[in-house]
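Visitor: Requesting a structural model of the entry that follows:
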Amino acid sequence: HFLTRWFEWMRARASEIALRTEAHTNSAIMELLSDGMLDIGVTFNPEQRPGLVIEKLFEEELILVSTRAKSTAPSEPGYVLVDWGPEFQKFHSSQFDEMPLPGLQTNLGAFSVEQILGHGGSGYFPEPVLLPFLRSGQLHYVQGAPRFKTPIYAIYEDAPLTEPLRIALAGLREVAQTRDP
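Guide: Numbering: from 1, shown residues only. The predicted structure follows:
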């Protein structure tokens, strides 16, 4: 949701800048940045590496939702455990320590939302992504479920910024400050 709004910002304000976007695991993003193969990475779990700047953009709240209105997720069938990084894994383990591993685990959040919408189920996702589905009644908040806040970071080389990179970072910052609730 956030990056989609940033793409729109770039097209509206800097359409002369060519963008190439890719989805990667956190470790792949960090490797590509360190190797100079990526200009900017956006992630929720950056690694400290020499020569890279890590800039916090905002905090995202992950909420537990279900296709069932009176859900007892995550204990019901159809729960999808999305890997939102080590801190989320610690949070999840501490909150649901008695729960067996669910049948589906992934690091693909968008895939997981589609999965539960298409087949029923539940999972933790960023609230802004869910708002249309919550408003339409396709998804429901799981009452009493703990929420998890995770920071979102931009990572880039610690070097003088080129004009396109300066513009792209300005866009990330502006979109982060004007995100939907």
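Visitor: Quick check: the gap between the closest residue to Gly51 other than its chain neighbours and Gly85.
Guide: Spatial nearest neighbour of Gly51, excluding adjacent residues (CB to CB, 6 or more residues apart in numbering): Asp158 at 5.4 Å. C-beta: built from backbone N, CA, C; applies to glycine. Using CB to CB, to the nearest Å, we find Asp158 at a distance of 23 Å from Gly85.
Visitor: now do Glu174
Guide: Counting by CB to CB - Glu174 and Gly85 are separated by 25 Å.
Visitor: Mind checking which of those two has more residues around it?
Guide: More neighbours surround Gly85 than the other of Glu174 and Gly85, with 16 against 13 (other CB atoms under 10 Å).
Visitor: OK, contacts around the residue nearest to that one when sequence neighbours are not counted?
Guide: Excluding the flanking residues, the one nearest Gly85 by CB to CB, 6+ apart is Asn45, at 3.6 Å. Counting by CB atoms under 8 Å, 6 or more residues apart in numbering, Asn45 touches 26, 85-87, 150.
Visitor: would Arg49 count as being in a strand?
Guide: No - counting by DSSP: H, G, I helix; E, B strand; the rest coil, Arg49 is not found in a strand; it is coil.
Visitor: Tell me if I'm right that it and Asp35 touch.
Guide: No - counting by CB atoms under 8 Å, Arg49 does not reach Asp35; the two are 10.8 Å apart.
Visitor: What residues of the one helix or strand Phe133 maps to count as buried?
Guide: Using DSSP states H and E, the element containing Phe133 is helix 127-136. Across helix 127-136, burial judged by 16 or more other CB atoms under 10 Å covers 127, 129-130, 133.
Visitor: What segments of this structure are strands?
Guide: Secondary structure of the chain (DSSP state E): strands at 40-43, 52-66, 79-82, 104-106, 122-126, 140-141, 148-157.
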